[in-house]
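Peer 1: let me see the structure of the following:
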Amino acid sequence: MDTDRQRVEDALLASVRTPDAYLTEIASHLISAGGKRLRPVFTIVASQVGNDEPASENAIAGGISCELVHLGSLYHDDVMDESTTRRGVDTVNAKWGNLQAILAGDYLLAKASEIAASLGTEVAELLARTIGYLCQGQIEELRHTYNVSRPVDAYLSSIDGKTASLYSTAARIGGIVAGHSREVIDALTAYGTAYGMVFQIVDDVLDLTATDAQLGKPAGHDMEEGVYTLPVLHTLAEDSTASKELRSILGKPLSAEERGKVLDIVRSNGGIESAITHAQVFVDNAERACDQLPSGTTTDAMRKATAALLASVSH
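Peer 2: Sure, this is the predicted structure:
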């Protein structure tokens, strides 16, 4: 996988290299800052199910198309959130301005679509549909900003769109370019969705439980921005004095003192544990999807990955 990761890095940088040095610098800014490249890994791993062979050029290309969509969405997210740092470097909007960040994000989405089209109509349609799901998930989140009565189903729908859909698509593209059977492709898709749901819930738990230093931003940033995630929603749903106090503070922008107070409430009540229990449902879904895949070292690694992800916040 180390060799394939380097192939991904090289191909990612090559995909945004243009005759315009200025555009190339902006478009490659977050690529150069590094990243786990989980979505390309998903495409590669999905293509290797049942064969455990090195990744094909099409699998690399499919993974890059998904990573470029992810990066483009980050450019746009940073503009919306007015973020100044990402992955330890200045955001594009902070360094070059909002207009450049929006256009560069659009450019990354366009390059992703171009690469997907080279892999055939099915992959092109799938990626285009997924970009739509990302937008729908983000809109679903925005419409509930500062809503202390945000339904849990609305939260789940939002993260399904803005996070899980791209993991699902990355895995499905891997299955398609590898020529797997439709049954295996569907199982890979279900696995990607389940992993993506766990990934986002874990990320939302960490936003509340990790330190400012670990996060590289203030803990509780989502609450501060009026985005109430699963641990907060479960805490609000409790019939307790703490829940009532939390509800009385939320629903508006927070002062630094209020942010500390609501963090204490969420951390010391049952919302985080309830969210972790909720995430276990998706771990189980991932394992059932693995039951439908051919046996082998790749499937074994996939089976362990989702449980390990949840375990990172369970202890």
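Peer 1: just checking, next helix/strand downstream of the host helix or strand of residue 127?
Peer 2: Using DSSP states H and E, residue 127 maps to helix 121-142. Remark: after helix 121-142, the chain's next helix or strand is helix 152-159, criterion DSSP H and E.
Peer 1: and that following helix with helix 121-142, angle?
Peer 2: Between the axes of helix 152-159 and helix 121-142, defined by axes from the mean of the first three to the mean of the last three Cα atoms, to 10 degrees, the angle is 140 degrees.
Peer 1: run through who's touching helix 152-159.
Peer 2: Contacts with helix 152-159, where a contact means Cβ atoms under 8 Å, 6 or more residues apart in numbering, come from 137-138, 140-141, 144, 196-197, 200-201, 228-230, 233-234, 237. Yep, even glycine has a C-beta here, placed from its N, CA and C like the rest.
Peer 1: 10 Å instead?
Peer 2: 136-144, 147, 150-151, 164-165, 196-197, 199-201, 203-204, 227-230, 232-234, 237, 274-275, 278, 282 (Cβ atoms under 10 Å, 6 or more residues apart in numbering).
Peer 1: and the helix holding residue 127, how far out from the chain's middle?
Peer 2: From the chain centre to the centre of helix 121-142 is a distance of 13 Å (Cα atoms, centre = their mean, to the nearest Å).
Peer 1: for ChimeraX, what selects the buried ones among the contacts of helix 152-159?
Peer 2: Here is the ChimeraX command that selects the buried residues among these (16 or more other Cβ atoms under 10 Å):
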select :136,137,138,140,141,144,150,164,165,196,197,199,200,201,204,227,228,229,230,232,233,234,274,275,278,282
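Peer 1: how near is the nearest residue to residue 122 once chain neighbours are set aside to residue 79?
Peer 2: Leaving aside its chain neighbours, residue 122 sits nearest to residue 176 (6.1 Å; criterion: Cβ to Cβ, 6 or more residues apart in numbering). As defined by Cβ to Cβ, to the nearest Å, residue 176 lies at a distance of 32 Å from residue 79.
Peer 1: what do you get for residue 199?
Peer 2: 23 Å.
Peer 1: does residue 76 touch residue 91 like I think?
Peer 2: No - taking Cβ atoms under 10 Å as the definition, residue 76 is not a contact partner of residue 91, at 11.0 Å.
Peer 1: which neighbours do those two share?
Peer 2: Taking Cβ under 10 Å, 6+ apart as the criterion, residue 76 and residue 91 both touch residue 101.
Peer 1: the helix holding residue 127 packs against which elements?
Peer 2: helix 57-81, helix 98-118, helix 152-159, helix 165-177 (3 or more Cβ pairs under 10 Å, 6 or more residues apart in numbering; DSSP states H and E).
Peer 1: for the stretch 101-250 of the chain, which spans come out with low pLDDT?
Peer 2: Applying pLDDT under 70 to the stretch 101-250 of the chain picks out residues 216.
Peer 1: which ones are touching residue 149?
Peer 2: Residue 149 makes contact with 228, 233, 236-237, 247, 251, according to Cβ under 10 Å, 6+ apart.
Peer 1: phi, psi for it please.
Peer 2: Torsion angles at residue 149 (phi, psi; degrees, to the nearest 10) stand at phi -100, psi 20.
Peer 1: quick check: it vs residue 247, distance?
Peer 2: Look at residue 149 and residue 247: by Cβ to Cβ, they are 9 Å apart.
Peer 1: touching both of these two, which residues are there?
Peer 2: With Cβ under 10 Å, 6+ apart, residue 149 and residue 247 have common neighbours residue 236.
Peer 1: now do the nearest residue to residue 109 once chain neighbours are set aside against residue 54, distance only.
Peer 2: Excluding its sequence neighbours, the residue lying closest to residue 109 (Cβ to Cβ, 6+ apart) is residue 72, at 4.2 Å. Distance of residue 72 to residue 54, computed by Cβ to Cβ: 28 Å.
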